[in-house]
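Student: Task: produce atomic coordinates for the following.
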Amino acid sequence: MTKLTNHPGARIDESADVSPEATVGAGTSVWHLARVRERASIGSGCIVGTGVYVDCDVVIGSNVKIQNQALIYRGVTLEDGVFIGPQACLTNDRIPRAINPDGSLKNEDDWQVGPILVRQGASIGAGAVLLPGVTVGRYAMVAAGAVVSRDVPEHALVVGVPAKVRGHVCVCGVRLDETVDPARCPKCGRLYESAGNGLALMRSPLGVSA
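Tutor: Take a look at the predicted model:
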């Protein structure tokens, strides 16, 4: 890898195409054949994998991991600690057309960007598709191949097409045991209680950080 002078502290592969108008934080690695477009903002300590596409104006926090061939389109915001699996696609157009009704090719003024927000610590599985206008809650998990068309609550595990809630996961990623009250992580022992339409960390056992 080589360090570009306009992105000090970042590690950028020679084959990557990173716009000088983008912001790339210290300690972030941008790997082989990745592309980062104009005005994209990537925080510190991130990994942008081989062949990843980061569109114009995308906002990415710190300590985010984006796996190979993922597509992150304009309008997307990824908060700190988000995981994006290989070949996941975060879209931005709910009514995609190549042409207008008169047959002319659409341009920048002929459509409206649809936002996507992925909150802190959430994970998007391999090959998942997120439609515009959705928010994925903190520490939620979207299963591989799922199609997300509506908001995902905090700590929710969503599966399928369209994605539906099938359980909840701990901050450590393990599925919670919800046969007990309060719900408990079988791995680390963290406890969770109902909060709105999802779950929230209730407290941690001694010796386990929240």
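Student: from here on, contacts and neighbour counts on C-alpha atoms
Tutor: Fine.
Student: Name the SS class of Asp109, please.
Tutor: For Asp109, the secondary structure call by DSSP: H, G, I helix; E, B strand; the rest coil comes out as helix.
Student: What degree of burial does it show, as a neighbour count?
Tutor: 6 (other Cα atoms under 10 Å).
Student: if I look at it, how far off is Asp181?
Tutor: According to Cα to Cα, to the nearest Å, Asp109 and Asp181 sit 52 Å apart.
Student: Summarise which helices and strands the one helix or strand in the chain whose mean pLDDT sits lowest is packed against.
Tutor: Ranking every helix and strand in the chain by mean pLDDT, DSSP states H and E puts strand 198-203 at the bottom, with a mean of 81. Contacts defined by 3 or more Cα pairs under 8 Å, 6 or more residues apart in numbering; DSSP states H and E place strand 198-203 against strand 191-195.
Student: Would you verify that Pro8 is located in a helix?
Tutor: No - under three-state DSSP, Pro8 sits outside any helix and is assigned coil.
Student: Mind checking the pLDDT average for stretch 80-88?
Tutor: On average, the pLDDT along stretch 80-88 is 98.
Student: ok, now stretch 142-159?
Tutor: Here the average pLDDT along stretch 142-159 is 97.
Student: Just the CA coordinates for it, please, in PDB.
Tutor: Extracted in PDB, the C-alpha atoms of stretch 142-159 (Å, rounded to 0.1, in the frame of the first residue of the first chain):
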ATOM      1  CA  VAL A 142     -29.300  -8.000   9.100                       C
ATOM      2  CA  ALA A 143     -28.900 -11.600   7.900                       C
ATOM      3  CA  ALA A 144     -27.100 -12.600   4.800                       C
ATOM      4  CA  GLY A 145     -29.300 -12.100   1.700                       C
ATOM      5  CA  ALA A 146     -32.000 -10.200   3.500                       C
ATOM      6  CA  VAL A 147     -33.900  -7.400   1.800                       C
ATOM      7  CA  VAL A 148     -34.600  -4.600   4.200                       C
ATOM      8  CA  SER A 149     -37.500  -2.400   3.300                       C
ATOM      9  CA  ARG A 150     -38.500  -0.900   6.700                       C
ATOM     10  CA  ASP A 151     -36.700   0.200   9.800                       C
ATOM     11  CA  VAL A 152     -34.900  -2.300  12.000                       C
ATOM     12  CA  PRO A 153     -35.200  -1.900  15.800                       C
ATOM     13  CA  GLU A 154     -32.100  -1.800  18.000                       C
ATOM     14  CA  HIS A 155     -30.600  -5.300  18.700                       C
ATOM     15  CA  ALA A 156     -33.100  -6.900  16.300                       C
ATOM     16  CA  LEU A 157     -32.100  -9.900  14.100                       C
ATOM     17  CA  VAL A 158     -33.900  -9.600  10.800                       C
ATOM     18  CA  VAL A 159     -34.000 -12.400   8.200                       C
END
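Student: hmm, who's touching it?
Tutor: The contact list for stretch 142-159, computed with Cα atoms under 8 Å, 6 or more residues apart in numbering, reads 122-141, 160-171, 175, 197-200.
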